[in-house]
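Q: After the sequence you'll find the predicted model.
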Amino acid sequence: MNDAVTQKGSTGMADAKRQPTIVLGTIGLDAHVAGISILRWAFERAGFRVAYLGALVLPNEFISAARETAADAILVSSLYGMARIDCEGLRAKCREAGLANILLYIGGILVTDPEEWPKTEQLFSDMGFDRIYPPGTKPETAIADLKCDLGLS
Ligand code: B12
């Protein structure tokens with residue numbers, strides 16, 4: 001996990017009065033929308049504002065949406081195995097856009113080759129993701145983690 005986790009989202013602190021906000025979508029050319037539809041529903045139900053971008057979202061679109069909504073976190077989903085290419089430089093682009101402290105989470109089926117999970121996790125951690133989720137992660141896990149990272153639980 002990155003240092004950014006200890007800093008509370010893009011504003012640098014969690015504002016208890018503000019509704020916590022996430023940006024959610026599948027990155028690159030990924031068209032698998034079932035997972036993010038479930039995540040959207042679960043996060044809204046848990047009290048989050050969700051900027052739902054749907055499928056086939058470019059990195060810059062995630063960043064623009066995060067700026068527009070003053071989001072606390074960007075949640076990237078990728079099922080088709082191209083995540084490492086699609087997410088290249090995403091953390092740096094966030095920094096350049098003034099979102100140095102935004103939380104970056106990613107989940108889905110991240111790689112095509114049969115790597116051990118710790119290797120995959122390390123790869124995406126090195127790319128600047130704060131939390132990396134294996135296939136089949138339940139929404140409640142990420143909701144609890146985000147509340148924790150934002151100091152809301
Ligand atoms: C349905 C499906 C499709 C549909 C998608 C329809 C749609 N619009 O959604 C169609 C037929 C279009 C499709 C196409 C393709 N697919 Co497809 N597809 C599937 C399938 C069968 C189910 C995916 C699904 O809906 N799961 C149900 C949802 C609810 O689960 P989920 O997505 O995993 O999400 C949950 C968690 O993972 C988690 N989660 C997901 N993302 C995130 C993100 C965060 C931050 C967090 C916290 C949690 C989280 O939360 C969700 C809720 O619990 C999977 C096989 C499988 N068993 O996963 C293959 C699969 C994902 N597809 C695969 C492939 C290869 C493709 C194609 C490339 C095939 C091709 N050659 O054309 C294309 C790619 C198209 C594209 N541009 O994306 C591969 C990917 C392999 C890989 N990663 O190495 C899989 C695994 C099949 C396989 N075994 O080979 N696919």
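A: Looks like it arrived, so ask away.
Q: Around the ligand, pick out the residues from this protein.
A: 29-35, 38-39, 75, 77, 79-81, 105-109, 112, 133, 135-139, 142 (CB under 6 Å from any ligand atom). C-beta: built from backbone N, CA, C; applies to glycine.
Q: Among those, name the ones in strands.
A: Those of the residues of the chain next to the ligand mapping onto strands are Leu75, Ser77, Tyr105, Ile106, Gly107, Gly108, Tyr133, per DSSP state E.
Q: Check whether the last one really touches Gly107, as I assumed.
A: Yes: counting by CB atoms under 8 Å, Tyr133 sits close enough to Gly107 to count as a contact (3.3 Å).
Q: Can you work out which residues contact both of these two?
A: Ala142 (CB atoms under 8 Å, 6 or more residues apart in numbering).
Q: Check the chain for me, the residue farthest from its geometric middle.
A: Relative to the centre of the chain, the most outlying C-alpha is that of Pro114, 22.9 Å out, by CA atoms, centre = their mean.
Q: Tell me which helix or strand that residue sits in.
A: Applying DSSP states H and E as the criterion places Pro114 outside every helix and strand.
Q: what's the distance between it and Gly54?
A: For Pro114, the distance to Gly54 equals 30 Å [CB to CB, to the nearest Å].
Q: Tyr133 and Gly107: which has the busier surroundings?
A: A count of neighbours by other CB atoms under 10 Å puts Gly107 above the other of Tyr133 and Gly107, at 26 against 20.
Q: dump the residue contacts of the more buried one.
A: Gly107 makes contacts with Gly35, Leu75, Val76, Ser77, Ile132, Tyr133, Pro134, Pro135, Thr137, Ala142, as judged by CB under 8 Å, 6+ apart.
Q: Would you mind checking these for buried ones?
A: If you count burial by 16 or more other CB atoms under 10 Å, the buried members of those come out as Gly35, Leu75, Val76, Ser77, Ile132, Tyr133, Thr137, Ala142.
Q: so how far is Asp113 from the last one?
A: Shown here: Ala142 relative to Asp113, a distance of 25 Å by CB to CB.
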